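Novice: please work out how this folds:
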Amino acid sequence: MRLEWGEGKASRRKKGHHFRATGSPQATRPEHADVTKEVMTIREMCDAFNVTPRTLRFYEAKELLFPIREGQKRLFTKRDRARLILILRGKKFGFSLEEIRQLLNLYSEEDGGEAQMRNTLKAYHVKLAEMEAQKQALTELMTELEDEIGFVERRIEGLKRDG
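Specialist: Model (predicted):
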């Protein structure tokens with residue numbers, strides 16, 4: 001599997017090992033570890049992507065990642081790393097794991113990932129429209145709250161003058 005859309009940059013939070021993307025999705029890539037290696041251990045993956053071993057095992061259990069198993073040891077391939085980047089990006093944009101799985105499963109070397117990219121683009125447009133609707137609803141709610149704050153402040157001022 002090739003990574004068609006650029007890679008996600010992970011940056012370490014002060015506490016914990018949670019993924020947090022910074023910058024544009026096009027200009028991002030993991031900052032730790034040698035991501036050109038054929039395989040990476042679970043610890044190297046955690047360091048490179050700022051995720052926990054539990055997160056990687058969870059994605060494996062959900063059949064989103066497919067590391068090579070050598071006894072208890074997990075070795076993650078370049079394909080796994082590309083998939084993890086897309087999983088983390090999808091989560092950042094608010095996609096469910098099932099939506100992410102469906103998009104990941106569309107990849108085909110035969111078409112160079114075109115079907116996957118076209119469907120992802122459609123999903124991105126839908127998600128953006130949902131976010132715009134949420135933004136509009138939140139803006140309206142904030143305006144209503146600001147009006148209520150003004151009303152209560154005026155009532156308090158009225159009580160001070162009258163009392």
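Novice: buried ones in the longest strand along the chain?
Specialist: The longest strand of the chain (DSSP state E) is strand 73-77. Going by neighbour count (16 or more other Cβ atoms under 10 Å), the buried part of strand 73-77 is Arg74, Leu75, Phe76, Thr77. Placement of C-beta: from N, CA and C, glycine included.
Novice: let me have these in a markdown table, extended by distance to Glu60 and pLDDT.
Specialist: Formatted as a markdown table, the buried residues of strand 73-77 follow (distance: Cβ to Cβ, whole Å; pLDDT from 0 to 100):
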| residue | distance to Glu60 | pLDDT |
| --- | --- | --- |
| Arg74 | 7 | 94 |
| Leu75 | 12 | 96 |
| Phe76 | 9 | 97 |
| Thr77 | 12 | 96 |
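Novice: which single one of these is nearest to Met142?
Specialist: Phe76 (43.2 Å; Cβ to Cβ).
Novice: contact partners for that closest one?
Specialist: Val39, Met40, Thr41, Ile42, Glu44, Met45, Leu56, Leu65, Pro67, Ile68, Leu84 (Cβ atoms under 8 Å, 6 or more residues apart in numbering).
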